[in-house]
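1. this one's structure only:
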Ligand code: IMP
């Protein structure tokens, strides 16, 4: 029985929440492996709407949730989220949530640096969520991060804070931002420790046990391949690897345990934050997609930029992300448009290429090459079988499959969990 990893195939916000929720009902455990509370999933269950940022979505379905070592954890945000969903009736205890004791912590100084640096970048800003994600990953790689297990050792915390503050206060000073003093941070961490530590353990061992007893593991990705620190539209990316390989390194299971890789893609494209977006629309159609698709960021509330489906970009995500099947979402947003365009490549310096180059200048200069296809009359909304879809919508999906070189194994046709067309069960591999 296969495990499943779910990753975004564009720039995030592809509707992973619904697909993960749907798959979580068939899994035994749901595991986050990268990112932090920059992610945002909205889950609608009955009359409750849950907004999750850091907690694995499976908790909503009563499944064990695991936060792996590859995640950066803001302990204050974690506890606030636990309190929020507990008030909505969910049960989050050390029996239902486990956190890697070797995961990196986000401290208040990380979001301060994040925001100060974005401010200093002016119109060259990345458009980060301001939640300290990048600075926390930088500390991890620089080997000065405070990790979950350190919360149990006040002396270690004290020593590490000396090193962290030497580095960060110098930076904050240089950026003209207020600095931090050690005692305040130490008190802050020591006050949070008793609430965080009961969740901490070496999760790799639990995952190994679960795997060997035949349990189904769902690896829940955050952000998306085009925001990957290596493979995305650098530097307009997040600070972690978002590709499926990270499900292994970000949790402590081997690569063979990751299982089937399901990529999520919207039937059009959106992006929040800055950075290249070749098929972006600045016209009435772009506005229409934004309105129909309710395209506002879950975490920051920012309006998302909208554009046509970019098959060249998703094909690239399929290849580098290890995507074996696609879940296509929000097809209904394209209902009743007379014609649709699909990006099939880019013209760069007089040459037509099928991939986004690494250079930011070339990315910014990429002019999309389109194929125009007929739209459909009638609605895809709520369809639960191919027979419910207009013929032209099926053609659109089939053309996407050809262009991105991956099968569409799942179609989502409304925010409702059951409005889904399953072509192939990812847990069957
Ligand atoms: P950071 O992850 O806060 O450093 O932000 C870096 C870039 O990733 C910005 O363009 C953000 O808008 C984008 N980003 C981060 N998390 C998400 C997400 O969950 N969905 C979509 N974009 C995201």
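-> Okay, I see it. Keep in mind that this is a model prediction, so the values were computed, not measured. Residues are numbered from 1 along each chain as shown.
2. so residue 73 bridges to which residues?
-> Residue 73 has the following beta-bridge partners by DSSP bridges: residue 105.
3. For the ligand, see how far away it is.
-> From residue 73 across to the ligand, the span is 14 Å (CB to the nearest ligand atom, to the nearest Å). The C-beta positions use only the backbone N, C-alpha and C, and glycine is treated the same way.
4. got it, and residue 412?
-> Distance from residue 412 to the ligand, by CB to the nearest ligand atom: 17 Å.
5. quick one: contacts for that residue?
-> 15, 18-19, 327-331, 419-420 (CB atoms under 8 Å, 6 or more residues apart in numbering).
6. how about 6 Å then?
-> 18, 329, 420 (CB atoms under 6 Å, 6 or more residues apart in numbering).
7. In a markdown table: these, plus secondary structure, neighbour count and pLDDT.
-> Listed next are the contacts of residue 412 as a markdown table, based on DSSP: H, G, I helix; E, B strand; the rest coil; neighbours: other CB atoms under 10 Å; pLDDT from 0 to 100:
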| residue | secondary structure | neighbour count | pLDDT |
| --- | --- | --- | --- |
| 18 | helix | 25 | 88 |
| 329 | strand | 26 | 96 |
| 420 | strand | 18 | 92 |
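8. out of the residues you listed, who's near the ligand?
-> Among these, proximity to the ligand is found for none (CB under 6 Å from any ligand atom).
9. Tell me which stretches of the stretch 301-429 of the chain form helices.
-> Secondary structure of the stretch 301-429 of the chain (DSSP state H, counting those that start in this stretch): helices located at 311-321, 360-365, 391-404.
10. same check, this time on the stretch 151-300 of the chain
-> Under DSSP H, counting those that start in this stretch, the stretch 151-300 of the chain gives helices at 154-174, 182-196, 203-212, 246-249, 284-292.
11. With mean neighbour count added, can I get the ones you listed in a markdown table?
-> Formatted as a markdown table, these follow (neighbours: other CB atoms under 10 Å):
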| stretch | mean neighbour count |
| --- | --- |
| helix 154-174 | 15 |
| helix 182-196 | 15 |
| helix 203-212 | 16 |
| helix 246-249 | 23 |
| helix 284-292 | 16 |
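12. Could you dump these into a markdown table and include mean pLDDT?
-> As requested, those are exported to a markdown table (pLDDT from 0 to 100):
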| stretch | mean pLDDT |
| --- | --- |
| helix 154-174 | 97 |
| helix 182-196 | 98 |
| helix 203-212 | 97 |
| helix 246-249 | 98 |
| helix 284-292 | 96 |
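13. Ok, which of those comes nearest residue 57?
-> helix 246-249 (14.8 Å; CB to CB).
14. contacts for that closest one?
-> 5, 33-34, 70, 219, 254-255, 258.
15. what about burial for those, which qualify?
-> 5, 33-34, 70, 219, 258 (16 or more other CB atoms under 10 Å).
16. Tell me the neighbouring strands of the least confident helix or strand in the chain by mean pLDDT, and mark each as parallel or antiparallel.
-> Averaged element by element with mean pLDDT, DSSP states H and E, the chain has its least confident helix or strand at strand 41-45 (a mean of 81). Sheet pairing here is set by DSSP bridges, and for strand 41-45 it gives strand 48-52 (antiparallel).
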